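Participant: build me a model:
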Amino acid sequence: MIDDGCFCRSLLLFEPLLEGADWVMRDTIKVGIAGFLGRGGNLAAAVEGHPHARVQAVCDIDERRLVPAAASIGAEPYMDYDRMLSEAELDAVILGTPMQLHASQAVQALDRNIHVLSEVVAAVSVEECRELVGAQERSSATYMLSENYCYTKANMLIEALVAQDLFGTVYYAEGEYLHDLKDLNEITKWRRRWQTGVDGITYGTHSLGPILRWMPGDQVVSVCCRGSGHHYRDPRGDLYENQDTCVMLAKTRRGALIKIRVDMVSTRPHAMHNFQLQGTEGAYESARVDSEVNRVWLSALDDGNREWMDLRELEGRFLPDVWRQASSEAVKSGHGGGDHFVLEDFIAVVRGERQCRIDIHTAMDMTLPGLISQESIARDGMWLEVPDSRTWQH
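Facilitator: Numbering: from 1, shown residues only. The predicted structure is shown next:
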């Protein structure tokens, strides 16, 4: 039986500010964007379109392109990130820089009590994770990971169905991110070092993040990782250190099993949104190609034939309000609308209107399994424990 009270909560998903909190920031949020000429620039329009935020300053390393780009939105240009943090009087900063810079730049901002929205991944080493958690603990500002795959329509609808308990006990999930980066490696060269230049799961939060949202209150406690070997070379003739396909198996604290496959080297069509979820009362399989549909089976809605239904058939009853009320511009934003909704959520968090959905420890839950998988694959797939950042002492 479907509980109407739970159904109403599933439409919200975004939790309001903790009861008893007595402040909400009313002024416009002044935002700085690092990596403005790359990924960061993609979020500038969303900031400028928000009624309670504006881009105050932008930072990048190409002065010739940065100055006119900054002028086009009325922002102050900076070539030096630390100087932007010191001089621009920011409330918040968005990190759209290469992933090896995320942790250190987040620490710099948090140490100045500037709120942080960081692109994925949160960090590239366990030690960086520890430093980031320590910075959050001593800061009055909030860290949020911009895992936009958690905000797509299909993924939020599945999260709402889980919240309604329509899947029963969830005990298995799969996520796949298959994205041939060989050409992009040569354009954004940091990828060649940090995404395809390290073995194991180097970019797994797009797959693991939504799955953990579908397993509320659970976290990965151990992982193992194996690869398919090396079959491709870069333009210089060097084999990619990251094996063509890497598969991580993960066990959760509650006993669930998760399989994550990341392939950023194989020559094939892209398929970056592949998911499966299995519970005692329901199952979900995302579409693998454009000609397919996301399909779901739920025992509570089954007529006895045990047949798949199109996930879209459940939007009228279960789609969260943030998607029901979305503008056409929001729906068309990058990453299946995720870019708009993650930014909107972040601004609400900074203003004190909502709790943070992907806070520092949730970010660690999404990031640490991949980092430990890199050690596992180097040790012939040994099962290794994943640290819990909540237990770290600083």
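Participant: before we move on, what SS does the residue lying closest to L257 once chain neighbours are set aside have?
Facilitator: Among residues not flanking L257 along the chain, Y172 sits closest, at 5.2 Å (C-beta to C-beta, 6 or more residues apart in numbering). Using the backbone N, CA and C atoms, a C-beta is placed for each residue, glycine as well. Three-state call for Y172 (DSSP: H, G, I helix; E, B strand; the rest coil): strand.
Participant: my read: Y172 touches G255, true?
Facilitator: No: if you go by C-beta atoms under 8 Å, Y172 and G255 don't touch, sitting 10.4 Å apart.
Participant: quick one, which of those two is more surrounded?
Facilitator: Higher neighbour count among Y172 and G255: Y172, with 14 against 10, using other C-beta atoms under 10 Å.
Participant: the more buried one: what's it in contact with?
Facilitator: When contacts are counted by C-beta atoms under 8 Å, 6 or more residues apart in numbering, Y172 touches A256, L257, I258, Q276, L277, Q278.
Participant: what's the PyMOL syntax to select whichever of the residues you listed are buried?
Facilitator: To isolate the buried ones among those in PyMOL, judged by 16 or more other C-beta atoms under 10 Å, type:
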select buried, resi 256+258+277+278
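Participant: pick out the most distant pair among the contacts of Y172.
Facilitator: Greatest spatial distance in the contacts of Y172: A256 and Q276, 12.6 Å, computed using C-beta to C-beta.
Participant: what do these two both touch?
Facilitator: With C-beta under 8 Å, 6+ apart, A256 and Q276 have common neighbours Y172, A173.
Participant: hey, where'd the helices end up in the stretch 51-200 of the chain?
Facilitator: 63-71, 81-87, 102-110, 126-137, 153-163, 182-185, 190-194 (DSSP state H, counting those that start in this stretch).
Participant: for the shortest one, packing partners?
Facilitator: Think helix 182-185. Packing partners of helix 182-185 (3 or more C-beta pairs under 8 Å, 6 or more residues apart in numbering; DSSP states H and E): helix 190-194.
Participant: what residues does the helix it packs on touch?
Facilitator: P98, M99, Q100, V124, L181, L184, N185, E186, T202, D234.
Participant: and if you look at stretch 303-311?
Facilitator: Stretch 303-311 is contacted from outside by A154, L157, I158, Y284, E285, V293, N294, R295, V296, W297, L298, L301, using C-beta under 8 Å, 6+ apart.
Participant: if any of those residues are buried, give me the ChimeraX selection for them.
Facilitator: Per 16+ other C-beta under 10 Å, the buried members of these correspond to this ChimeraX selection:
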select :154,157,158,284,285,294,295,296,297,298
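Participant: the contacts of stretch 303-311 in helices, which ones?
Facilitator: Per DSSP state H, helices hold the following members of these: A154, L157, I158.
Participant: how about the contacts made by the first one?
Facilitator: For A154, the set of contacting residues under the criterion of C-beta under 8 Å, 6+ apart consists of H273, S286, N294, L311, G336.
Participant: kindly report the same for the second one.
Facilitator: Applying C-beta under 8 Å, 6+ apart, one finds that L157 lies in contact with L311, L314, E315, F318, L319, P320, W323.
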